[in-house]
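Asker: Dropping a prediction and its sequence here:
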Amino acid sequence: MSLLEVEGITKNFGGLAAVSHVDLRVDEGEVVGLIGPNGAGKTTLFNLLSGALKPSSGAIRFRDENITGLKPHQICHKGLARTFQSVKVFGGMTASQNVLAGAIFGDRGQMSPKQAGKEAARLLEFVGLSAVAAAPARDLTLANQKRLEVARALATKPNLLLIDELMAGLNPTEVAQAMDLVAAIRKQGTTVLIIEHVMKAIMSICDRILVLHHGEKIAEGTPQEIATSRTVVEVYLGE
Ligand SMILES: Nc1ncnc2c1ncn2[C@@H]1O[C@H](COP(=O)(O)OP(=O)(O)OP(=O)(O)O)[C@@H](O)[C@H]1O
Ligand SMILES: [Mg+2]
């Protein structure tokens, strides 16, 4: 079943079409990759899907409902959560409190504080941050702040999680750990749409990959198809 169906989504900033007539479908249970050169429009597309930006035109359907133009908090409550390329943790709050905030927001304050605390602890363990649960989020390494955002987003119990560059700046061991985390997220039942520049990782974790260039979708296919696509090699991957 299609979880997300995007038709002709476009975002103009003045004369610049940052995202131009992009069609996109994500099925339940998939891990779909979004790649493309710097400035291709990847993060802008996430901002459109999550309601941070309103599209200039086009439509977004999520779980068979038109969510085009809804506010970020409404979209999150419908089951679509995200992380941020430039991390946006609550720096003065502990790692645990960051995840608690997600859990409490996610179920509209229905959970008891005790339940929410348990859930936060479970998710911190899931992303490998139990050891820094009590540390202020701003004191975490950038890689750990990215993981914290994953935990906070998962705390809202999303059907679809948008991850914007989890692996930038990580060493090979950390990249492997991040790949394991994405696999674990899918396994526990959350569909994933992920932006990533680390090609080795994206090629091995994704079922399908979409390529953006100057705001347009220039290719879509299996990792194998993308890796051997002439257009993609020319504009993005190089020889
Ligand atoms: N709020 C904005 N106002 C004006 N232009 C913007 C805005 N946000 C993004 N852009 C422009 O839109 C284009 C796409 O940017 P975007 O951040 O979506 O690219 P990206 O594919 O995520 O790149 P990167 O890989 O570097 O993160 C860029 O030219 C950028 O400068
Ligand atoms: Mg980006």
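Answerer: Structure received. Ligands and ions are numbered 1, 2, ... in the order given.
Asker: Which of the helices or strands spans the residue of the chain with the smallest separation from ligand 2?
Answerer: Closest to ligand 2 within the chain is T43: 3.1 Å, counting by CB to the ion. C-beta here means a position set from N, CA and C on the backbone, and glycine is covered the same way. Assessed by DSSP states H and E, T43 sits inside helix 42-49.
Asker: Name the residues that touch that helix?
Answerer: 4, 6, 9, 11, 18-19, 22, 24, 34-36, 52-55, 60, 75, 80, 82, 85, 162, 164, 193, 195, 212, 215 (CB atoms under 8 Å, 6 or more residues apart in numbering).
Asker: buried ones in the helix or strand following that helix?
Answerer: Once helix 42-49 ends, the next helix or strand along the chain (criterion: DSSP H and E) is strand 57-62. Neighbour counts using 16 or more other CB atoms under 10 Å place G58, I60, R61, F62 of strand 57-62 among the buried residues.
Asker: Report the two of the residues you listed separated the most.
Answerer: The span of these, defined through CB to CB, is set by G58 and F62 at 13.5 Å.
Asker: quick one: average pLDDT of stretch 231-239?
Answerer: Average pLDDT, stretch 231-239: 81.
Asker: Just the buried positions in it, please.
Answerer: For stretch 231-239, by 16+ other CB under 10 Å, it's V232, V235, Y236.
Asker: residue contacts, the first one?
Answerer: The neighbourhood of V232, defined by CB under 8 Å, 6+ apart, consists of V211, I218, A219, I226.
Asker: If I look at the residue nearest to G79 when sequence neighbours are not counted, what pLDDT would I see?
Answerer: Computed as CB to CB, 6 or more residues apart in numbering, the closest residue to G79 that is not its neighbour in sequence is N159, at 3.9 Å. pLDDT recorded at N159 is 98.
Asker: surely N159 meets D64?
Answerer: No - with contact defined as CB atoms under 8 Å, N159 does not count as touching D64 (11.6 Å).
Asker: and the residue lying closest to G106 once chain neighbours are set aside, backbone torsions?
Answerer: Excluding its sequence neighbours, the residue lying closest to G106 (CB to CB, 6+ apart) is T156, at 3.3 Å. Dihedral pair for T156: phi -80, psi 0, per degrees, to the nearest 10.
Asker: How about H214?
Answerer: Dihedral angles (degrees, to the nearest 10) for H214: phi 50, psi 40.
Asker: Quick one: neighbours of it, just the number.
Answerer: Residues lying near H214 (other CB atoms under 10 Å) number 16.
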